[in-house]
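J.: Sequence first, then the predicted structure, then my questions.
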Number of protein chains: 4
Amino acid sequence: MIQAGIYGATGYTGYELIQILSKHPDVEICFATSQSFAGQTLDAIYPQAPHQPLISGEEAPLDKVDVVFLCLPHAAAAETAVLALNAGCKVIDLSADFRIKDVTVYEKWYKVTHPAPDLIAEAVYGLTEFARADLKQARLVANPGCYTTTSLLALQPILASQAAINGSIIIDAKSGVSGAGRAPKDNTHFMAVADNFSAYSIGRAHRHLPEIEAIAKTWNADTPDMIFSPHLLPVPRGILANVYVPLADAPALEAPHQLYANTYADEPFVTVLPLGQLASLAHVTYTNKCVMSLTLAGNMLIITSATDNLLKGASGQAVQNMNVMFGFEETEGLL
Amino acid sequence: MIQAGIYGATGYTGYELIQILSKHPDVEICFATSQSFAGQTLDAIYPQAPHQPLISGEEAPLDKVDVVFLCLPHAAAAETAVLALNAGCKVIDLSADFRIKDVTVYEKWYKVTHPAPDLIAEAVYGLTEFARADLKQARLVANPGCYTTTSLLALQPILASQAAINGSIIIDAKSGVSGAGRAPKDNTHFMAVADNFSAYSIGRAHRHLPEIEAIAKTWNADTPDMIFSPHLLPVPRGILANVYVPLADAPALEAPHQLYANTYADEPFVTVLPLGQLASLAHVTYTNKCVMSLTLAGNMLIITSATDNLLKGASGQAVQNMNVMFGFEETEGLL
Amino acid sequence: MIQAGIYGATGYTGYELIQILSKHPDVEICFATSQSFAGQTLDAIYPQAPHQPLISGEEAPLDKVDVVFLCLPHAAAAETAVLALNAGCKVIDLSADFRIKDVTVYEKWYKVTHPAPDLIAEAVYGLTEFARADLKQARLVANPGCYTTTSLLALQPILASQAAINGSIIIDAKSGVSGAGRAPKDNTHFMAVADNFSAYSIGRAHRHLPEIEAIAKTWNADTPDMIFSPHLLPVPRGILANVYVPLADAPALEAPHQLYANTYADEPFVTVLPLGQLASLAHVTYTNKCVMSLTLAGNMLIITSATDNLLKGASGQAVQNMNVMFGFEETEGLL
Amino acid sequence: MIQAGIYGATGYTGYELIQILSKHPDVEICFATSQSFAGQTLDAIYPQAPHQPLISGEEAPLDKVDVVFLCLPHAAAAETAVLALNAGCKVIDLSADFRIKDVTVYEKWYKVTHPAPDLIAEAVYGLTEFARADLKQARLVANPGCYTTTSLLALQPILASQAAINGSIIIDAKSGVSGAGRAPKDNTHFMAVADNFSAYSIGRAHRHLPEIEAIAKTWNADTPDMIFSPHLLPVPRGILANVYVPLADAPALEAPHQLYANTYADEPFVTVLPLGQLASLAHVTYTNKCVMSLTLAGNMLIITSATDNLLKGASGQAVQNMNVMFGFEETEGLL
């Protein structure tokens, strides 16, 4: 039984973490922090939440926990990571602070000075399926973004195959509203979302793009630049992305499907659908799964990939990483 | 004042037509047909509908009308078109029967023998903005599909400019549920659609693809093959499509925007948003407009195009075509 | 042609007013105010809005308009009403400031000192169907609340009939989200509303209750106290209320229906459905109508009443009142 | 470990049962039947379903199971109950067949001849919280309806207290779409439900009314007749009902709250909210809980009661009943 602390427990990812960890047989929640709701309990905000007390970050007893989860804004997360590592805790950071290895790229996209650049190198990028060996040694894990997870799991097999690609990779991605955060804003007002569907930050303008591209290049150095088009869907949760990969040579119909099926054959949380079926949000919401389907049209390979943005795209994968880090069954608490 | 007949009045497009025409100052609805509801009135089906009597197709007094609108299944539409033309009516067909000039392509995709192949050649493809001269002479108009209208208006300026394109054009399109028709089916059940988002017929599998490609090639013979990925959105109405055009040479940022702005400068129903704004369903639902925005990312031109699938994508454009055919103000009944 | 000014144009009711008035043949919009968006135009907020400039309230040229509509918070509305009346304008106030004749009741429920108590007496309560004679003379109109309109139109015939009532009248009412205003709040976040349904201020706790009761008593002095239970529906617009009236003596089934049908026989905006049909939001959204149906169960008369909260429940009725005040056709701009 | 069979596994309640039972540590699913999908597997219908084979009812090996759950239409359920009881199985019937003790009432409301009237007397009405002693002996359990469960749990304490009631009890209830079944129909089409809200069978016309009244009278013989107004909410799941009880004498504010809190103090699946909080669907969806809140307005006691119609309102309560029948922990599989 390990002790865990959650920083930023009142956002959607913090709340999901508490939901998962409060039923996890190997974990006890030692503390949960909130700046705005310190002194209250989580069920004051979420009707179905456990009666979890909330304390301020300053009060958090870092000496009593084995692991902390950071559901904090960027920069604040890195600052807290330093404190937690110094206290001897393992750290799973759900912010962007340790996802991008090149600090100048990070600072350009996030428009802050990185508070702990010396830690970036050691951080393990926690796309669990491709990071298990490193996770077992890790003190600090950078948990991937939601769009990123959905896109990278779709890209890894074809990129790693070193198949020649002729043209830009396009990711046309659609996310439920929980991806936009709990703070009420004009664009998350029910009236702005219901009956609507809208694009934002398309092209090469969204912060998840450099994260996707950097990891992709670790699999295939010749990965072309990408186009990434996020959208806001009128649903609470889930991401569905079409990833278009223009292959230089059209494979036989079954070849890429076989490649993907083989890659993920033993994965408990990644499903490659049989040919002829297409992934949808209904395959994945409220699960830690990534479900994907393949379509080939001429030379164009289309991977349709779906996750629940709060689970495999955030808190579910964070727990999956924790399970690997501490030697628990990888699926513990996540089925 | 002209007399109009509507075949297939109880489907969504028929109902929209009746809503528009019942307020159109130059049109009187002479009859509306329905096979399933003959003998009843339209407000038995739609709470806000006018008290329009419904008759069977066989009872329709073709000799009393100037124009008929066909909201019928394919093949049935062509059969009725023959009757109506023989009776001296003008015909606006909202089905696919006269949209594709090559009858073998039509028969392959729609899996029927075309009932009136001799009429295909004379049918005017009613994408109003690019068909006005022909519409003025037309007896028979093939009203474009909803995905098709949304995609073609987005494609015309760049294709007609003969800019070199290097790679496949990808259309990633999302439609509200009214596009799937009024008949209750598993995939239109509220439980299947709400909180969900799903792809269908992606790649080169949807019937609107050959229609899009054929018209596109009339503007630019070198138009590459396209990828078309339709999706079902959990909203009642509206289509939003991203059209990705990989240009051989990246233009200056403002050039394509200027091209589009010029093309549609005088169009009452097409709006090109200023640079920096992105089209959404909220721009177009319950209007006859197509609203589009442009994004350039390297060599990739992205046109984000939105319509209301039942209006500019179907019945609104049908009335717009009628207005041109009969010399009425083009916007009459549509503002 | 009269000149109109709208105060508070960027809220939902202000926006609806501008949508209606911009197409009204007898009205020109002279100005529209907004404190937060002064200097911008309305289409910066609402994608489909006309390009209406927004000025601050202080800049409003009251000397140039015949009528002003106040879509302002309570108290601020009354203050502006004084200025406008002094400038010789007619005033239609969509706030609660002049709805309740007893200023102590008003001040208790709204927790402010009324800024202009001397004006309350002359204000005409603008439930149009029962206020036409007074509206023709009015300088100042108190436009009814949305829940109030929906409830009072349902209550008037049975109350005015002086039928004996034995027990409390219960109004179980459900409203779409636009009723909660445009400012983003926790309870209007998409995540709080979607897939949810919740009661608020039920019993005798909502501000529309004293308004409903006071007007009801002008029709029947023996009207019992009421129970009023509002709810938030996961839809953009519309109110549906069940009004339960426990009659002392059960009438014959057709009698109350006949009473209601007679009362509203000539009303363009009130429809009493035939027995056996039930009112729904689909009958009324995007219209200025109130549609109601009657059910009798033993002694209990149930009136199911529906309106669009932004139209008959606010801006539509405001324009209906304006039409009567200025001698225009009552339906002008509203069909 | 017991063996269970599910008849009618492809409807929503059957699917929920399989979801629950497939994770229940004391139960093995021996078979699941479907007339329409026999020979297929459940994941062909529901993307997240287990790969459960479906057989026809005729093939079901009744000799191999300890308990069967009947998710069948009425009458068909009773016929199957006879077979299962004869084979020595315990039966939990989710249909209405054994809920109403008076067979003439049943036959009047369900318009069929009861196939097994001799079994009605022995059937235990499975509102678990008030049936535990009987459930332990039961061979045959009539699982309550969804509206019924939500209403009866709200009514029991005040009725059992024998408090004098002066007037009709009104239940104004709102249900998500899953309550209307999986078969696609006009009224469950996404276009009919989204953005809409509608009443149906209000007054004394819905089949759950006689069930509610009959059970209520077992707690208080003087229970007055009730008014029951069901509505269709545009959400997938959940019921929220306001139960209005006009007391003869107004109690002190805290008294009824104390009564309810005491009644349900030890119940794992019933929560009485603190005074000042109101129940909502967000309290209960995807849980087996009934959450209720109390409001007192004069003499009127208002109980706002919420359940998930597929769980505490159907399959969850069925498993809760099974747990009691077989001596398992009552919450097993349901947390």
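T.: It's in. Residues are numbered from 1 along each chain as shown, chains lettered A, B, ... in the order given.
J.: which bits of the stretch 51-200 of chain A sit near chain B?
T.: Selection of the stretch 51-200 of chain A residues close to chain B by C-beta under 8 Å from any C-beta of the partner chain yields A:166-168, A:170, A:172, A:174, A:192, A:194-200. Where you see a C-beta, it was placed from the backbone N, CA and C, and this is true even at glycine.
J.: Show me which of those residues is closest to residue C:39.
T.: Here the nearest of those to residue C:39, counting by C-beta to C-beta, is residue A:192; it sits at 22.2 Å.
J.: That closest one is in what secondary structure piece?
T.: Taking DSSP states H and E as the criterion, the element that holds residue A:192 is helix A:190-193.
J.: Please see if that helix touches chain C.
T.: Yes: counting by C-beta under 8 Å from any C-beta, chain C is contacted by helix A:190-193 at A:190-193.
J.: Now the residue of chain A found nearest chain C. Its backbone dihedrals?
T.: Here the residue of chain A nearest chain C is residue A:184; by C-beta to the nearest C-beta that distance is 3.7 Å. The phi and psi values for residue A:184, taken as degrees, to the nearest 10, are phi -70, psi 130.
J.: Within its local environment, how many residues does the nearest residue to residue A:329 once chain neighbours are set aside see?
T.: What sits nearest to residue A:329 in space, not counting adjacent residues and going by C-beta to C-beta, 6 or more residues apart in numbering or on different chains, is residue A:323, at 6.5 Å. Residues lying near residue A:323 (other C-beta atoms under 10 Å in any protein chain shown) number 21.
J.: Distance check, residue A:314 against residue A:90.
T.: If you measure residue A:314 against residue A:90 using C-beta to C-beta, to the nearest Å, the figure is 18 Å.
J.: Show me what from the stretch 201-335 of chain A comes close to chain B.
T.: Applying C-beta under 8 Å from any C-beta, we find that the stretch 201-335 of chain A lies next to chain B at A:202-204, A:225, A:227, A:229, A:231, A:233-236, A:238, A:240, A:242, A:244, A:246, A:278-282, A:285, A:295-300, A:302, A:304.
J.: Which of these fall in strands?
T.: Under the assignment DSSP state E, those contribute A:227, A:229, A:231, A:240, A:242, A:244, A:246, A:295-297, A:300, A:302, A:304 to strands.
J.: Please identify which two of these are farthest apart in space.
T.: Farthest apart among those by C-beta to C-beta are A:231 and A:296. That separation is 24.2 Å.
J.: who's more crowded, those two?
T.: Higher neighbour count among residue A:231 and residue A:296: residue A:231, with 26 against 20, using other C-beta under 10 Å.
J.: wait, what's in contact with the more buried one?
T.: For residue A:231, the contact set (C-beta atoms under 8 Å, 6 or more residues apart in numbering or on different chains) comprises A:172-175, A:197-200, B:174, B:240.
J.: Recalculate using a threshold of 6 Å.
T.: Contact partners of residue A:231, counting by C-beta atoms under 6 Å, 6 or more residues apart in numbering or on different chains, are A:174, A:199.
J.: Please enumerate residues in contact with stretch A:123-135?
T.: With contacts defined as C-beta under 6 Å, 6+ apart, stretch A:123-135 is touched by A:98, A:138, A:140-144, A:152, A:267, A:320-321, A:324-325.
J.: still on that earlier bit, who has more neighbours, residue A:314 and residue A:90?
T.: Comparing residue A:314 with residue A:90 by other C-beta under 10 Å, the one with more neighbours is residue A:314, at 26 against 21.
J.: Check whether the more buried one sits in a helix, strand or coil.
T.: helix (DSSP: H, G, I helix; E, B strand; the rest coil).
J.: now the one 3 residues further on
T.: Secondary structure, three-state DSSP: residue A:317 is helix.
J.: who in the stretch 51-200 of chain A is up against chain C?
T.: Counting by C-beta under 6 Å from any C-beta of the partner chain, the stretch 51-200 of chain A comes close to chain C at A:177-178, A:184-186, A:188-191, A:193-194.
J.: For residue A:214, state which of those residues is nearest.
T.: Nearest to residue A:214 among those, counting by C-beta to C-beta, is residue A:178 at 25.3 Å.
J.: could you give me the average pLDDT of stretch A:65-79?
T.: Averaged over stretch A:65-79, pLDDT sits at 98.
J.: what does it rub up against?
T.: With contact meaning C-beta under 6 Å, 6+ apart, stretch A:65-79 is reached by A:2-8, A:11, A:13-14, A:17, A:30, A:80, A:84, A:89-97, A:110, A:112, A:115-116, A:318.
J.: So which of the residues you listed are in helices?
T.: Among these, DSSP state H puts A:13-14, A:17, A:80, A:84, A:110, A:318 in helices.
J.: Of those, which pair is most distant in space?
T.: Most distant of the ones in helices among the contacts of stretch A:65-79, by C-beta to C-beta, are A:17 and A:110, 22.5 Å apart.
J.: With neighbour numbers in mind, choose between those two.
T.: residue A:17 (29 against 18).
J.: With adjacent residues omitted, what lies nearest to the more buried one?
T.: The nearest residue in space to residue A:17 (C-beta to C-beta, 6+ apart) is residue A:315, at 4.4 Å.
J.: for residue A:286, same thing?
T.: Per C-beta to C-beta, 6+ apart, closest to residue A:286 is residue A:308, 6.3 Å.
J.: Who are the contact partners of the one you found?
T.: By C-beta under 6 Å, 6+ apart, the residues touching residue A:308 are A:237-238, A:284-285.
J.: hmm, who's touching the longest helix along chain A?
T.: The longest helix of chain A (DSSP H) is helix A:146-160. With contacts defined as C-beta under 6 Å, 6+ apart, helix A:146-160 is touched by A:127, A:171, A:173, A:179, A:208, A:211-212, A:215-216, A:219-220, A:223, A:239, A:241, A:243, A:245, A:259-260, A:263, A:290, A:292, A:303, A:305, A:307, A:309, A:312-314.
J.: 7 Å instead, please
T.: Outside helix A:146-160, the residues that touch it by C-beta atoms under 7 Å, 6 or more residues apart in numbering or on different chains are A:127, A:129-130, A:144, A:171, A:173, A:175, A:179, A:208, A:211-212, A:215-216, A:219-220, A:223, A:230, A:239, A:241, A:243, A:245, A:256, A:259-260, A:263, A:270, A:290, A:292, A:301, A:303, A:305, A:307, A:309, A:312-314, A:317.
J.: Having no further points to raise, I will conclude here.
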